[in-house]
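A.B. asks: next comes the sequence, and after it the predicted model I'd like to discuss.
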Amino acid sequence: MKKLRNIFYSNVVMMLLVLLLVGCMGGKEEKSNNDSALQSEENNNETEDSNQITKDESEATTGSEESGTKNSNENASTESSTDESKETSLEGQKNEANSEKDNVLAEYSSEKIEYARVWLQLGANQEIDELNVRHISAGEPINPNDDTSAGYPEDVIQLAGSRLVDGSVTYSGNGDGTIKVYNVPLRWDSSDDLSKGVMREVTEDIIKNAKTVYVDTGDSEKIKRLIDIMTIH
């Protein structure tokens with residue numbers, strides 16, 4: 001009986017030891033699991049912090065770029081406004097200058113202005129003391145001293161100074177800023193020395209070789225001076 005009791009106590013002690021051992025191992029495993037979970041959470045927090053820093057840096061960079069773009073656009077807009085202001089100012093000065101020129105010639109007729117412009121551009125001598133204007137009708141002979149001369153195909157205007165050396169300009173207006181210029185001399189040589197029919201040929205060549213010329217607006221003050229010494233016949 002005593003022997004059975006000893007065996008029973010021995011078994012109880014062994015069971016207690018086993019339970020104690022199992023309890024210790026479970027505690028270590030739980031602690032290990034807790035440590036792993038804590039480490040994982042710390043890693044996750046570090047990753048989130050890193051991502052947040054990267055995001056903040058990206059947002060800061062984007063904000064800086066947007067600010068730079070905005071400033072650049074504002075500067076470009078300011079420069080554009082300045083350029084437009086300069087162009088407007090220059091255009092205003094140009095219009096004002098043109099207006100002053102127009103005022104100089106405002107009291108004169110368009111016909112007189114045209115005569116002066118033609119002479120200013122094509123006249124052989126600009127230092128004339130008189131500008132004579134003569135209207136010649138279509139059909140009149142180009143050489144009035146020769147009956148065999150060809151006649152003008154249209155009405156023309158002849159401009160000439162008071163002296164032979166001043167030269168002359170014979171033309172017809174086209175109404176579009178251009179004129180047709182006929183190379184007609186102011187004074188003709190005697191036709192007695194020419195063979196019969198030569199003058200006809202010469203004057204017909206003048207008509208065929210007429211040139212179209214664009215007339216510039218010219219200098220208003222010079223045009224005014226020519227108008228002031230103009231005589232229309």
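C.D. replies: Arrived safely, thanks for sending.

A.B. asks: ranges for the strands of the chain?
C.D. replies: Applying DSSP state E to the chain gives strands spanning 131-136, 156-160, 168-173, 178-182, 211-214, 230-232.

A.B. asks: which of these sits closest to Asp189?
C.D. replies: Of all the strands of the chain, it is strand 168-173 that lies closest to Asp189, at 15.3 Å by C-beta to C-beta. C-beta: built from backbone N, CA, C; applies to glycine.

A.B. asks: quick check: Pro185 vs Ala124, distance?
C.D. replies: Look at Pro185 and Ala124: by C-beta to C-beta, to the nearest Å, they are 12 Å apart.

A.B. asks: oh, I was asking about Asn145
C.D. replies: For Asn145, the distance to Ala124 equals 22 Å [C-beta to C-beta].

A.B. asks: isn't Ala210 right up against Lys180?
C.D. replies: Yes. The criterion here is C-beta atoms under 8 Å, and Ala210 meets it with Lys180 at 5.0 Å.

A.B. asks: the closest residue to Lys224 other than its chain neighbours: what's it in contact with?
C.D. replies: Nearest residue to Lys224, sequence neighbours excluded (C-beta to C-beta, 6 or more residues apart in numbering): Val104, at 5.8 Å. By C-beta atoms under 8 Å, 6 or more residues apart in numbering, Val104 lies in contact with 220-221, 224.

A.B. asks: do Thr217 as well
C.D. replies: Per C-beta under 8 Å, 6+ apart, neighbours of Thr217: Arg117.

A.B. asks: over to it: give its phi and psi.
C.D. replies: The phi/psi pair for Thr217 (degrees, to the nearest 10) reads phi -70, psi -30.

A.B. asks: need the strands of the chain in CSV (columns: mean neighbour count).
C.D. replies: What follows is the strands of the chain, written out as CSV (neighbours: other C-beta atoms under 10 Å):
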stretch, mean neighbour count
strand 131-136, 17
strand 156-160, 21
strand 168-173, 20
strand 178-182, 19
strand 211-214, 12
strand 230-232, 13
